[in-house]
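1. Structure of the sequence below:
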Amino acid sequence: MGLALYTASSTAAGGRQGTVKSSDGTLDLDLSLPKGLGGNEKEGTTNPEQLFSAGYAACFDSALQMVAGKAKKKITSEVTAEVSIEKQLKGFGLSVKLKAEMEGVTQEEAEELMEKAHEACPYSRAIEGNVKVKKTAVAK
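-> Predicted coordinates for the structure are as follows:
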């Protein structure tokens, strides 16, 4: 393991129908099981897939901005991460669809930046080889 530059800590209690709270109290959320997983999906609650998709989208957009800067490209971007939980041969697993919309580059440049961001993003690196990720770059 490398030298930690920052560590986030959150505590969950009650599993998918409990709560999750960050150590600094910024996040203090109720959880409920989505209807697609047989749950009651209470209004105003979240779930692990939503939390992962939010983190991944933010991290990937940051990586995209970084690689664009290194390539001397000025872009505005928006990244959407769709995280699905799916039944697999051995239990459950995740799959991800990443869509990055970019202004200021051609379609070819957008696709190149998407690949470079995928190589640089800590979330992408963490799940590499374990989670299917479909990437779509869109130049606007």
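2. for this protein, what spans make up the helices?
-> Under the criterion DSSP state H, the chain carries helices at the ranges 48-70, 107-120, 122-127.
3. so for the second one, what's the average pLDDT?
-> Summarised as a single mean, pLDDT over helix 107-120 is 98.
4. Check the first one too.
-> This predicted structure assigns helix 48-70 an average pLDDT of 98.
5. Also stretch 16-31?
-> Stretch 16-31 carries an average pLDDT of 97.
6. So what's the gap between it and the chain middle?
-> Stretch 16-31 has its average C-alpha position 18 Å from the chain's average C-alpha position, going by Cα atoms, centre = their mean, to the nearest Å.
7. same thing with stretch 90-109?
-> For stretch 90-109, the gap between its own C-alpha mean and the chain's C-alpha mean amounts to 10 Å (Cα atoms, centre = their mean).
8. just stretch 38-53 next, same as before
-> 15 Å.
9. likewise stretch 102-118?
-> For stretch 102-118 - counting by Cα atoms, centre = their mean - the centre lies 18 Å from the chain centre.
10. Could you report the distance from the residue nearest the centre of the chain to Ser62?
-> Compute the mean C-alpha point of the chain, and by Cα atoms, centre = their mean the closest residue is Tyr56, 1.8 Å away. Computed with Cβ to Cβ, to the nearest Å, the distance linking Tyr56 and Ser62 is 11 Å. No exception for glycine: its C-beta is placed from N, CA and C like everyone else's.
11. now the helices of the chain as a markdown table including distance to Leu33?
-> Supplementary listing: these in a markdown table, determined by distance: least, Cβ to Cβ, whole Å:
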| stretch | distance to Leu33 |
| --- | --- |
| helix 48-70 | 10 |
| helix 107-120 | 31 |
| helix 122-127 | 23 |
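12. Quick one, which of those gets closest to Glu86.
-> Counting by Cβ to Cβ, Glu86 lies closest to helix 48-70 out of the helices of the chain; the figure is 10.7 Å.
13. May I have that closest one as PDB, with CA atoms only?
-> Extracted in PDB, the C-alpha atoms of helix 48-70 (Å, rounded to 0.1, in the frame of the first residue of the first chain):
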ATOM      1  CA  PRO A  48     -24.900   1.500  -1.700                       C
ATOM      2  CA  GLU A  49     -25.200   1.600  -5.500                       C
ATOM      3  CA  GLN A  50     -26.300   5.200  -5.500                       C
ATOM      4  CA  LEU A  51     -23.400   6.100  -3.200                       C
ATOM      5  CA  PHE A  52     -20.900   4.300  -5.300                       C
ATOM      6  CA  SER A  53     -22.300   5.900  -8.500                       C
ATOM      7  CA  ALA A  54     -22.000   9.300  -7.000                       C
ATOM      8  CA  GLY A  55     -18.400   8.800  -5.900                       C
ATOM      9  CA  TYR A  56     -17.400   7.200  -9.200                       C
ATOM     10  CA  ALA A  57     -19.000  10.000 -11.300                       C
ATOM     11  CA  ALA A  58     -17.300  12.700  -9.300                       C
ATOM     12  CA  CYS A  59     -13.900  11.000  -9.300                       C
ATOM     13  CA  PHE A  60     -14.000  10.200 -13.000                       C
ATOM     14  CA  ASP A  61     -15.000  13.800 -13.900                       C
ATOM     15  CA  SER A  62     -12.000  15.000 -11.900                       C
ATOM     16  CA  ALA A  63      -9.700  12.500 -13.700                       C
ATOM     17  CA  LEU A  64     -11.200  13.700 -17.000                       C
ATOM     18  CA  GLN A  65     -10.400  17.300 -16.200                       C
ATOM     19  CA  MET A  66      -6.800  16.300 -15.100                       C
ATOM     20  CA  VAL A  67      -6.000  14.400 -18.300                       C
ATOM     21  CA  ALA A  68      -7.600  17.100 -20.500                       C
ATOM     22  CA  GLY A  69      -5.400  19.700 -18.700                       C
ATOM     23  CA  LYS A  70      -2.300  17.600 -19.300                       C
END
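14. Sounds good, over and out.
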